[in-house]
Each structure stands twice: as structure tokens, then as C-alpha cells.
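[1] any chance you could fold what I've pasted below:
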Amino acid sequence: MRGVLAAVGILAAPAAIVVSPARADSDAGPPRVSMTCDHVDGPGRVRCEVEARVSPGESIMWGDVVILRTPPFVGALRGRIGPHEATVREPEVWRWALALVARARGAGDVDARVRLVVCRDKTCAPIEVDLVGHVVAGE
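    Below you'll find the predicted structure:
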């Protein structure tokens, strides 16, 4: 069954968000990022999705996702999901699909970092936002 953000309140693979300091050159807030992962019945492939969304008037020009840490029962198939692997690349929203492998039953957090180049008018700045996704396999 597909995990849904905890804010919706349905069978969740919640994403806790840890945000880097806001940009000083803009009154817009930092990008909003989230990670959701499918709840799987046991060991095997776990599909996750990462989304980055910027404020109106801003646009994402480049972005990637870096997996920083997985729980002991999970392995990442790739440590970095690049800009060309984004499944959605709209000016205000980028989305990436990624896969993990659960080698055993368990529940734990995956730490990741979304790196973006965000532009407002003709000014662009690099931004990094750390986030945590929750993985559940067979629990």
C-alpha cells in the first residue's frame, strides 16, 4: 500500500523535515521537501518519492537527491539521484523516484539531502535541505 504524508493522517511513511537556513537574499521561505516510501509486507524493493517545492515567483533550475544514511536492514540502490532522473521538472516542483532494498523486516529512517539551484528573477542561489523518510518492511 502506498505511504502517504503524515499530515494527511493515512497509513503513513512520514517525512520529518530538517531545513537549512533560509536565503538572506529573498523574503521567500526555504524550499519545502518531503520523502514518502511505500509500506512493504516484507523484505524486497521499497519505492520512495522525494518532492521539492519552492515559493511562488521562484523556480528550480537544477536539483538532485543524495542518500546520506539508511537503517541497517535497508540498502540504497543508488546513493545519488541526479537532475536527469527527476520524474517531474516543473518550475516550482521537482520530484524524484528512488528505490531501496529491505534485506529484512524492520522500520527505520532514511536520511537524505535535496540540493537545488533556486532562482528568483535573475538571481540564483544553491540551497541544501536535509530530510528524513520513514521505511517500514513487514511490520
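[2] doesn't H84 fall inside a helix?
    Yes. Read with DSSP: H, G, I helix; E, B strand; the rest coil, H84 is one of the residues of a helix.
[3] for it, give its distance to G63.
    Separation of H84 from G63 (CB to CB, to the nearest Å): 11 Å. Glycine gets a C-beta too; all of them are placed from N, C-alpha and C.
[4] what about these two, which has more around it?
    Neighbours per residue, other CB atoms under 10 Å: of H84 and G63, the larger number sits with G63, 23 against 7.
[5] tell me the bridge partners for that one.
    L116 (DSSP bridges).
[6] wait, it touches W94, no?
    Yes. Applying CB atoms under 8 Å as the test, G63 and W94 come out as touching, 4.9 Å apart.
[7] shared neighbours of the two, anything?
    Shared between the contact lists of G63 and W94 (criterion: CB atoms under 8 Å, 6 or more residues apart in numbering) are residues 52, 86, 116.
[8] show me the contacts for the second one.
    For A86, the contacting residues are 63, 94-96, taking CB under 8 Å, 6+ apart as the criterion.
[9] go again with 6 Å.
    Taking CB atoms under 6 Å, 6 or more residues apart in numbering, we find A86 in contact with 94, 96.
[10] one more: the last one?
    With contact set as CB under 6 Å, 6+ apart, L116 has these partners: 52, 60, 63, 127.
[11] need the strands for this protein, in chain order.
    For the chain, applying DSSP state E gives strands covering 15-18, 32-37, 44-53, 58-69, 74-76, 80-81, 86-89, 93-102, 106-120, 123-137.
[12] so where is this protein shaky, pLDDT-wise?
    Counting by pLDDT under 70, the low-confidence segments of the chain come to 1-28.
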